[in-house]
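>>> let me see the structure of the following:
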Amino acid sequence: MKSPLKLLFAGLLIILLFAAMDVFNHEKPRILILHSYTEEGRWEQAVNEGIKRELAKNRTPISIRWQYMAFTDQAGKTDWDDAAKQANHVINTFRPDILVPIGEEAQEYVGRHYVNDTHMRIIYATSERPDHFGYLGAKNVTGIREILPLSQITEVLRYLNQPSLRIRVLGMDDATGQAEREQVKDFLWAPNHLVDVQLVSNFDAWKAAVRTANEDADVLIVLSYNGLPLSASNAHQVDNKLLATWTERESKPLVIGVRVPFAAGGGALAVVPSAEGMGAQIGKRILTLLALPSGNALPRGDDSQDFLIALRPQRLAKRKLSLPTIYTQAARASHTLFE
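This is a model prediction of the structure:
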């Protein structure tokens, strides 16, 4: 049997070892990735892949934590308030050196409350203007704004071979849709004509908007719609595949989505901001801040850069739209070519 002295000595060694590990973990830069929505989301997973790819290039120890605020697209204000309390609890216990709020809700309910916090730097990722959250001019804030690839959409429209096209835009009336509408309205569409940007609150209103577009538009651009309720009296969300298939079938104008689920669900074409590319930009910005001495000015915020093509060649052919082969190759390379 071991003597009491040896047992005491071994116990002290274990205590010192755990204390040393705790000090080591505490001294590592701590990064909190805070998503607005669930880790099961394809967009969130793609963003995470981009972040992880860049952070894999890091050669210094870091401590990173992933937090998700909501697990349903039908979250109400009470749900968001509860999620914000949980996120703030994580911030208070984990004490991140760098907070990365991703999505409009993560900025509104959490990120904006830490503007000019001297103990934390923020890297936002949102499609809204950063000044909406008080980020403009803040000493501890930088980030990436997700930009819809509207210039790339106008490049596609050239293949319709018309001097000027009438464009309607349709989306869901939520924080994401409102941010996307702002970008659409700020964009210079000439020589094409932007007829209207309409955000709706349910699928019945969506159908009515599509029928209106049939009367006065050549192109219908579909914004985000995930979580759209069925009707004013039925809060259950419409199936995304049903919405995409119905819209593609019933729309006389060419329909172009700005999210992969539109093409995946049955639409002919989508021109999409790259979630993985945005994640890579976030990851690079994290590495930049890790190398930046405390007290130095943070780099200015940037716009997202990458986009991808999602399409269904057969349905596109029915639209009598012929795109160069490079579009099909791009969709195949990003695994967004649907048969």
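
>>> looking at this structure, which helix or strand is least sure?
helix 4-27 (a mean of 53; mean pLDDT, DSSP states H and E).

>>> so after that one, what's the next helix or strand?
strand 30-35 (DSSP states H and E).

>>> now for that following strand, which elements pack on it?
helix 42-55, strand 63-68, helix 77-94, strand 98-102 (3 or more CB pairs under 8 Å, 6 or more residues apart in numbering; DSSP states H and E). In this view, the C-beta of every residue, glycine as well, is placed from N, C-alpha and C.

>>> list the contacts of that strand.
The contact list for strand 30-35 (CB atoms under 8 Å, 6 or more residues apart in numbering) reads 41, 44, 47-48, 51, 62-69, 87, 90-91, 94-103, 106, 110-111, 286.

>>> mind checking which of these are buried?
For those, a burial check counting by 16 or more other CB atoms under 10 Å picks out 41, 44, 47-48, 51, 63-64, 67-69, 87, 90-91, 96-103, 106, 110-111, 286.

>>> strands of the chain, start to end?
Assigned by DSSP state E, the chain shows strands spanning 30-35, 63-68, 98-102, 121-126, 141-145, 166-172, 193-200, 219-222, 254-257, 269-273, 302-303, 307-311.

>>> could I get those as TSV with mean pLDDT?
Formatted as TSV, those follow (pLDDT from 0 to 100):
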stretch	mean pLDDT
strand 30-35	97
strand 63-68	96
strand 98-102	97
strand 121-126	97
strand 141-145	97
strand 166-172	98
strand 193-200	98
strand 219-222	98
strand 254-257	98
strand 269-273	97
strand 302-303	95
strand 307-311	96
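
>>> need those strands in a markdown table with distance to residue 329, can you?
Converted to a markdown table, these look like this (distance: least, CB to CB, whole Å):
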| stretch | distance to residue 329 |
| --- | --- |
| strand 30-35 | 31 |
| strand 63-68 | 33 |
| strand 98-102 | 30 |
| strand 121-126 | 28 |
| strand 141-145 | 27 |
| strand 166-172 | 27 |
| strand 193-200 | 30 |
| strand 219-222 | 23 |
| strand 254-257 | 19 |
| strand 269-273 | 15 |
| strand 302-303 | 25 |
| strand 307-311 | 9 |
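
>>> before we move on, the earlier item: just tell me which of the helices and strands packed on strand 30-35 ends up closest to residue 254.
helix 42-55 (24.4 Å; CB to CB).

>>> buried stuff in that closest one?
Buried positions in helix 42-55, judged by neighbour count with 16+ other CB under 10 Å: 43-44, 46-48, 50-51, 54-55.

>>> over to stretch 321-338?
So stretch 321-338, judged by 16+ other CB under 10 Å, has buried residues 321, 323, 327, 330-331, 334, 336-338.
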